[in-house]
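# What follows is a predicted protein model with its sequence.
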Amino acid sequence: MIQLTPEVGDALDSGRAVVALETTLVAHGFPAGEGLDVGVEAERRVREAGAVPATVGVLDGRVQVGLDAGELERFAAAGESARKAGPRDLAVCVAAGVLGATTVGGTLAACSAAGIRFLGTGGIGGVHRGFAEHPDVSADLGELARASVLVVSSGVKSLLDVTATLEVLEALGVPVLAWQAQTLPLFYTAAGGPPAPATVATAHDAAAIAGAHWSLDRAGLLLARPPAESLEVEPLIETALAEARTRQVTGQAVTPFVLAAIHRQTGGESIRINKRLIADNAALAAEVAVAYADR
């Protein structure tokens, strides 16, 4: 069910740094044709930082850890026709032989099976706004509490309830670290988030905390890196969420719906910032992975 490329398998066997990357970003996260560029650039930045990229997806009846160029192109070409594969969906995708683009949670599940300790992404899922009326919590959080993986992201996706998500992560025992900042980023926006429970200044600091956490037989950690460029999108999010409710868009369809609306309203500026932060997060995940391997 789990198949590693020779490069990823050799790197894990030799104790070299490996960074997992998801495929939902490639298939669902951007307008048609642009997801492939994001996936390729994220892999390039991981290699540039000295680690081995392991992009994860479900195809041809297996969970593939590490994709070649042709396989990555399949996810980009499939777009929304690729099934979003969270932790609950992996076995279904494998058994049915369908193309499954892994979410953060699905990628974390594959990391646990493969023995990968680091993952780079854009933003993690969390507690949705309006939870009291319509309970909705991303499977990313539960999987992060189970998988011994450090995830580097620009915090929680900004269309979610960031403060409530932080409370849930505390309840689950997941350390949340801010990268060279005192507050958590809000995905597109560097400032204005809730106070960070802890701050790290270097990749070695993050690696040391991860090592100590795992030595206590604990699981996941979140390292939140502020985006290099900020974009104020809160009013756009509120408008897009209201439209989603009017159109009865629910579940996994809400995030791409809202992101598409933001992309349109910002004239593509949010796409550019999103692309950059994904690549920057992948690079930081690689830096921490290398520091951990070199301990």
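Noted; the coordinates are in hand. Because the structure is a prediction, the values reported are computed rather than measured.

# who's in contact with Leu59?
The contact partners of Leu59, taken as C-beta atoms under 8 Å, 6 or more residues apart in numbering, are 71, 74, 99-100. For every residue, glycine as well, the C-beta is placed using N, CA and C.

# now with 6 Å?
The contact partners of Leu59, taken as C-beta atoms under 6 Å, 6 or more residues apart in numbering, are Leu99.

# From Ala114, how far out is it?
16 Å (C-beta to C-beta, to the nearest Å).

# His204 and Ala291 touch, don't they?
Yes. At 4.7 Å, His204 counts as touching Ala291 under the criterion of C-beta atoms under 6 Å.

# Settle it for me: which of the two has more neighbours?
Each of His204 and Ala291 has its neighbours counted (other C-beta atoms under 10 Å); Ala291 has more, 20 against 16.

# what separates the more buried one from Ile124, distance-wise?
Counting by C-beta to C-beta, the gap from Ala291 to Ile124 is 22 Å.

# I'd like to know which elements the helix or strand containing Ala261 is packed against.
In the assignment (DSSP states H and E), Ala261 maps to helix 254-265. Using 3 or more C-beta pairs under 6 Å, 6 or more residues apart in numbering; DSSP states H and E, the elements in contact with helix 254-265 are helix 234-246, helix 269-293.

# Now do that helix and helix 234-246, the angle between them.
On the basis of axes from the mean of the first three to the mean of the last three C-alpha atoms, to 10 degrees, helix 254-265 is oriented at 130 degrees to helix 234-246.

# contacting residues around Tyr188?
Counted by C-beta under 6 Å, 6+ apart, Tyr188 has contacts 158, 231, 233, 273.

# Try it again at 8 Å.
So Tyr188 contacts 154, 158, 227, 230-233, 262, 270, 273-274 (C-beta under 8 Å, 6+ apart).

# Might you report the residue contacts of the residue lying closest to it once chain neighbours are set aside?
Counting by C-beta to C-beta, 6 or more residues apart in numbering, Leu231 is the residue found nearest to Tyr188 once chain neighbours are left out, at 4.5 Å. Applying C-beta under 8 Å, 6+ apart to Leu231 gives the contacts 188-189, 266, 269-270, 273.

# pretty sure Leu231 is in a strand, no?
No. Counting by DSSP: H, G, I helix; E, B strand; the rest coil, Leu231 falls outside a strand, being coil.

# measure it to Arg245 for me?
Separation of Leu231 from Arg245 (C-beta to C-beta) stands at 24 Å.

# ok, now Arg272?
On the measure of C-beta to C-beta, Arg272 and Arg245 end up 28 Å apart.

# Ok, Glu269 next?
25 Å.

# quick check: mean pLDDT across stretch 35-42?
Mean pLDDT, computed over stretch 35-42, is 97.

# Identify each buried residue in that stretch, please.
Applying a neighbour-count criterion of 16 or more other C-beta atoms under 10 Å, one finds 35-36, 38-42 buried in stretch 35-42.

# Can you classify the residue lying closest to Leu259 once chain neighbours are set aside by secondary structure?
Leaving out its chain neighbours, the residue that sits closest to Leu259 by C-beta to C-beta, 6+ apart is Gly29, at 7.1 Å. The three-state assignment at Gly29 reads coil, by three-state DSSP.

# May I ask you to confirm that Gly29 is in contact with Gly122?
Yes. The criterion here is C-beta atoms under 8 Å, and Gly29 meets it with Gly122 at 7.1 Å.

# Now for those two: what residues contact both?
Common neighbours of Gly29 and Gly122 (C-beta under 8 Å, 6+ apart) are Asn274.

# neighbour count winner among the two?
Gly122 (27 against 23).

# Show the model's pLDDT score for the nearest residue to the more buried one once chain neighbours are set aside.
Leaving aside its sequence neighbours, Gly122 sits nearest to Ile278 (C-beta to C-beta, 6+ apart; 4.7 Å). Predicted confidence (pLDDT) at Ile278: the value is 98.
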